[in-house]
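# just coords:
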């Protein structure tokens, strides 16, 4: 702040000037208007024509009103970029500079989106695409199937994570043993399941084992087994990192009180380690949720189908790809809240709020 | 068995290429307050940690109450319940309250029931003047308070020997006194102690026996006041000149 002292006005009360200027607000406003025009304007035009049936949507896509809105948004975006870039250098306060940059970037984003949409809706494939991917009317009767699919996805992921945690914890404890003969099998297991494709593991357990051993494993159970074994390997690494992040003194204090190694783990080390790895544990859960989609390779009966399988079956039945869009939305509905939760927990852990007590 | 609580014979410790303890012979008598001083890297802490085998000696014998505890057949977990240790970094369990820190070993190692464990833990907290902070977590306590909880945690096991490993070195100057006072009281009560420290005042006032270490050897062994006023060894003289 010493640098600014020279520029301080004689009456000098505010060493750091925080005020916006008219020019910077105009830049910010232009950028915001450009992006809003593309999104809200586009939705209004499409809404006026109707999102269903797909013929109405196509009409909306091909309407001159949409062209006008997209061109207007792109134009305003160009204006925002020009204005922001030109004024940026003249701004004398931090805030006004940031506003110029933000306005120009928003304008640039509007330009890219506007141009892309414009190119898309004026192309000769727009009708083909809308009919195949955006025929939302077809989704109505499928809602029940999708809800059931989401339920199965969650059950698959949740039970696999549950068994994976138990397996991973045991593997982690073996993997940090000071005895090589205990460590080696755990390492071999972890490396094998991390080093081969999950889809190979699924096929081997779902098809290879039943043939090789004459077992009759239900595909759903085969899926849970494969996902659990796989998750166990990854979670073992998460737990190992967590355990090894605990200060050595904790183990020494516990041993110094006469606890056995296992008691020290159970009462002193693991409670701390587990708390520390909750965010990466949940990250692995998000990964697992998406990985369960691979069970499609084994084929499931209609009641057992997960989100991906329900969508794929619906696409195959009608030869229309709109259910794929729904499938993606279904996964996002499950994963986004979890991702958000991980971020909140990480922030809290970092600030130490979970470190003490609780 | 006379009053010899702990005997160390021909103890050697190597860390890789480093010879940290060289042929140490030492006998700890019951009731003594043994203060170990010496320059950093002289092997003080390693010697202390060899006494409850938290550090495994490379060679030599450690005998506690007439039983050789370096014998692999000895159940070290049992032995360690009789030897309390307090660390420089406190090492309290951060996920447990002060009370929980003390009761966990009472319950899981000594198999006391919950009520007896709690009763004994509260008594030890009172002993170190922290009975009203029983429910506080380590993160909510000052360094001095944490260290006193750590002392209470060790004392609750009713050890016959207490080891202190530079327990005031991580503390702010104004917090050192409360910990030293606690240790002094313990010494006055007759506890056998081995104290690795840089607190020369404590060594002089509370210690009944002073051990000076240098380069893995005990180079001076005697009454603190005599060594302070008339150090025999040149290395002791220069060390004392630097710290006093």
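Noted; the coordinates are in hand. Given the structure is predicted, the values throughout are model-derived calculations rather than measurements.

# longest helix anywhere in chain B?
helix B:173-188 (DSSP state H).

# and that helix, which residues are buried?
Neighbour-count burial for helix B:173-188, counted by 16 or more other C-beta atoms under 10 Å in any protein chain shown, picks out B:175, B:176, B:178, B:179, B:180, B:182, B:183, B:186, B:187. Any C-beta I mention is one placed from the backbone N, CA and C, and that applies to glycine too.

# repeat for stretch A:307-325
Under 16+ other C-beta under 10 Å, the buried positions of stretch A:307-325 are A:307-315, A:320-324.

# Inside strands: which ones of the residues you listed?
Residues of the buried residues of stretch A:307-325 located in strands (DSSP state E): none.

# With distance to chain B as extra columns, can I get those residues in JSON lines?
Formatted as JSON lines, those follow (distance: C-beta to the nearest C-beta, whole Å):
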{"residue": "A:307", "distance to chain B": "38"}
{"residue": "A:308", "distance to chain B": "40"}
{"residue": "A:309", "distance to chain B": "42"}
{"residue": "A:310", "distance to chain B": "43"}
{"residue": "A:311", "distance to chain B": "44"}
{"residue": "A:312", "distance to chain B": "46"}
{"residue": "A:313", "distance to chain B": "48"}
{"residue": "A:314", "distance to chain B": "49"}
{"residue": "A:315", "distance to chain B": "50"}
{"residue": "A:320", "distance to chain B": "55"}
{"residue": "A:321", "distance to chain B": "51"}
{"residue": "A:322", "distance to chain B": "51"}
{"residue": "A:323", "distance to chain B": "47"}
{"residue": "A:324", "distance to chain B": "46"}
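
# Tabulate the residues you listed (CSV), appending pLDDT and distance to residue A:52.
Formatted as CSV, the buried residues of stretch A:307-325 follow (pLDDT from 0 to 100; distance: C-beta to C-beta, whole Å):
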residue, pLDDT, distance to residue A:52
A:307, 92, 22
A:308, 94, 24
A:309, 92, 25
A:310, 93, 21
A:311, 93, 19
A:312, 93, 23
A:313, 92, 22
A:314, 92, 17
A:315, 93, 18
A:320, 92, 13
A:321, 93, 16
A:322, 93, 11
A:323, 94, 15
A:324, 95, 17
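
# Would you verify that residue A:51 is located in a strand?
No - counting by DSSP: H, G, I helix; E, B strand; the rest coil, residue A:51 is not found in a strand; it is coil.

# Would you mind naming what in chain A lies close to chain B?
A:247, A:249-250, A:252-260, A:263, A:267-268, A:271-272, A:275, A:352, A:355-357 (C-beta under 8 Å from any C-beta of the partner chain).

# Filter those down to the buried ones and hand me the ChimeraX line.
Entered in ChimeraX, the line below selects the buried ones among the residues of chain A next to chain B, by 16+ other C-beta under 10 Å:
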select /A:250,252,253,254,255,256,257,258,259,263,267,268,271,272,355,357
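
# lowest average confidence, helix or strand, in chain B?
Least confident element among the helices and strands of chain B, by mean pLDDT, DSSP states H and E: helix B:234-243 (a mean of 89).

# hmm, who's touching that helix?
B:37, B:38, B:39, B:198, B:200, B:212, B:214, B:219, B:220, B:227, B:228, B:231 (C-beta atoms under 8 Å, 6 or more residues apart in numbering or on different chains).

# Same question for the fourth one, what's its three-state structure.
Using three-state DSSP, the secondary structure recorded for residue B:198 is coil.

# helix or strand for the residue in the stretch 101-250 of chain A positioned nearest to chain B, which one?
Nearest to chain B, among the residues of the stretch 101-250 of chain A, is residue A:249, at 3.9 Å (C-beta to the nearest C-beta). Element membership for residue A:249, per DSSP states H and E: helix A:248-256.

# Report the distance from that helix to the chain centre.
For helix A:248-256, the separation from the chain centroid amounts to 39 Å (computed by C-alpha atoms, centre = their mean, to the nearest Å).

# Report all helices and strands that it contacts.
Here helix A:248-256 touches helix B:76-80, going by 3 or more C-beta pairs under 8 Å, 6 or more residues apart in numbering or on different chains; DSSP states H and E.

# what's the following helix or strand after the helix it packs on?
strand B:83-86.

# Please give the centre-to-centre distance between that following strand and its chain.
Offset of strand B:83-86 from its chain centre (C-alpha atoms, centre = their mean): 6 Å.

# Then stretch A:97-112?
26 Å.

# List the buried residues in it.
So for stretch A:97-112, counting by 16+ other C-beta under 10 Å, buried means A:97, A:99-104, A:106-111.

# From those, which land in helices?
Per DSSP H, the subset of these in helices is A:97, A:99-104, A:106-111.

# Contact partners for residue B:167?
Counted by C-beta under 8 Å, 6+ apart, residue B:167 has contacts B:86, B:87, B:88, B:147, B:150, B:151, B:179, B:183, B:195, B:197.

# Could you list the low-pLDDT ranges of chain B?
B:1-2 (pLDDT under 70).
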